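J.: predicted coordinates and the sequence they were generated for:
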Amino acid sequence: MKQRAEQMTGNAVRVLLQTLTRNWYDTGIILDEFEATHNDLECDRSKQYAALVAGHFALKAAIDKINNQLNKK
């Protein structure tokens with residue numbers, strides 16, 4: 001029972017990291033496209049753009065935090 005729970009936890013962490021990484025990559029592509037098609041003023045005024053930027057960096061922070069936790073000795 002204990003071993004199964006540990007295996008399930010490991011699998012869940014792996015899937016979580018894959019999902020976060022895929023979302024981080026996808027949001028980066030969208031942000032790059034938005035920045036390429038809008039000037040700085042339009043970027044500054046867009047609430048959706050600002051929200052996506054915040055989410056993008058929050059994803060990266062979560063990825064880094066999980067990886068740091070996994071790599072502790």
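T.: Great, that's in hand.
J.: helix or strand: which one has the most centrally placed residue in the chain?
T.: Closest to where the C-alpha atoms of the chain average out (C-alpha atoms, centre = their mean) is residue 59, at 2.5 Å. Per DSSP states H and E, residue 59 falls inside helix 47-70.
J.: buried sites along that helix?
T.: 49, 52, 53, 56, 59, 63 (16 or more other C-beta atoms under 10 Å). Using the backbone N, CA and C atoms, a C-beta is placed for each residue, glycine as well.
J.: excluding its backbone neighbours, what's nearest the fifth one?
T.: What sits nearest to residue 59 in space, not counting adjacent residues and going by C-beta to C-beta, 6 or more residues apart in numbering, is residue 24, at 4.2 Å.
J.: show me what the helix or strand hosting the one you found is packed against.
T.: Using DSSP H and E, residue 24 sits in helix 2-37. Here helix 2-37 touches helix 47-70, going by 3 or more C-beta pairs under 8 Å, 6 or more residues apart in numbering; DSSP states H and E.
J.: mind checking how far the helix it packs on is from the chain centre?
T.: 5 Å (C-alpha atoms, centre = their mean, to the nearest Å).
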